[in-house]
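what's the 3D shape of this:
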Amino acid sequence: MNTGNTPSPQLPLQSLLKGIQYRVGTDKDARIIERTVISGVTSDSRKAAPGMLFVALDGSRFDGHDFIVAAIENGCIAVLCEKGRAGTYRQIGRGF
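Purely as a prediction, here's the structure:
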């Protein structure tokens, strides 16, 4: 995460997705993935900020999937979640 005047790391989303299975809904979605650059990664929606990737972890005390909407509202531009849990969230995005 960026602190002070240190530039935020810029990592293409496509690079983060290498080696994992993911689903792309449409050709437009595939183009969005190609263009999207991530400025940070968090699993805490309270620390979510514009340009970040939110990782929704299902933990022993909290289920990160319950905080996806909050992470998006705080500026996250991408969400990594468990298979079968993404269906309704795709509609929340701002339409790049």
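
distance of Ser39 from Glu82?
Ser39 sits 24 Å away from Glu82, going by Cβ to Cβ, to the nearest Å. C-beta: built from backbone N, CA, C; applies to glycine.

Those two - which one has more neighbours?
Counted by other Cβ atoms under 10 Å, Ser39 and Glu82 do not tie: Ser39 has more neighbours, with 18 against 12.

ok, for that one, nearest residue in space, not its chain neighbours?
Excluding its sequence neighbours, the residue lying closest to Ser39 (Cβ to Cβ, 6 or more residues apart in numbering) is Gly51, at 3.5 Å.

so where's this protein shaky on pLDDT?
For the chain, the stretches flagged by pLDDT under 70 are 1-8, 85-96.

one more time with 90, if that's ok
In the predicted model, the chain carries pLDDT under 90 at residues 1-11, 13-36, 58-59, 77-96.

where do the helices sit along this structure?
Counting by DSSP state H, the chain has helices at residues 13-17, 27-35, 68-73.

Need the winner for burial among the ones you listed.
Highest mean neighbour count among the helices of the chain (mean count of other Cβ atoms under 10 Å): helix 68-73, with a mean of 18.

elements contacting that helix?
strand 52-55, strand 78-80 (3 or more Cβ pairs under 8 Å, 6 or more residues apart in numbering; DSSP states H and E).

This completes my enquiry, with thanks.
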